[in-house]
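# Give me a model of this one.
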Amino acid sequence: MHIFTDRKHIIIDTRSPDEFLEHHIEDSVFVGFNGGNFKYWLELLLPDKNADIEVITTAIDADKVMTIINDLGYIHAKLINIESAGVALKHISTDEFKKISQHTESSVLDVREPDEYQQGSVNKSEKLPLSDILQGKLPSEDKEYIVHCRSGYRSVIAMSILKLLGRCKLINLDGGYQQLIAKK
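Below is the predicted model of the structure:
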């Protein structure tokens, strides 16, 4: 069952992953407009077109974002102001990750899709695709995870969802697996 089947209200933040990690409104969910597949992830995240959606975006993207949301059939969407936002999510660089993983037994959560695993993966990482998280499959509550995807877009979506659901022991790996292997 989809995790947001019964949700009638949601705040989505369409800014960049970096902006979301640095400051966002509590309980908002990241669905970045630039650099990812915004339409795909929005419809997968929120199948109910009648839900009330509050949208955080940049001034530059506001018209485009709202046009797409309306074109997708969401009929109760409105822009809100980000000025009151102040919550940050933990994140680490690939260099910090390498240091941490040498000295501790970090739990790593890979939210890429199964066909991406053949490109390689972090040793002993738990694999839980974002699409599975949206269907209600959730990671263990008693672990602190370093979360990654390919480039850092889907991991921020996953973290924002898991945080909204009360699973807050999460750290994002900046740049994702792509940056990790580029720094080897």
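# Against residue 123, how distant is the residue of the chain positioned farthest from its centre?
Of all residues in the chain, residue 103 has its C-alpha farthest from the mean position, at 27.1 Å, by Cα atoms, centre = their mean. Here residue 103 is placed at a distance of 15 Å from residue 123 (Cβ to Cβ, to the nearest Å). Bear in mind the C-beta positions are built from the backbone N, C-alpha and C, glycine included.
# in terms of contact, does residue 75 touch residue 52 like I think?
No. Residue 75 is not in contact with residue 52 according to Cβ atoms under 8 Å; the separation is 9.6 Å.
# So between these two, which is more surrounded?
Comparing residue 75 with residue 52 by other Cβ atoms under 10 Å, the one with more neighbours is residue 52, at 15 against 11.
# For the nearest residue to residue 34 once chain neighbours are set aside, grab the count of nearby residues.
Using Cβ to Cβ, 6 or more residues apart in numbering and skipping residues adjacent in sequence, the residue nearest residue 34 is residue 16, 6.6 Å away. By other Cβ under 10 Å, 19 other residues sit near residue 16.
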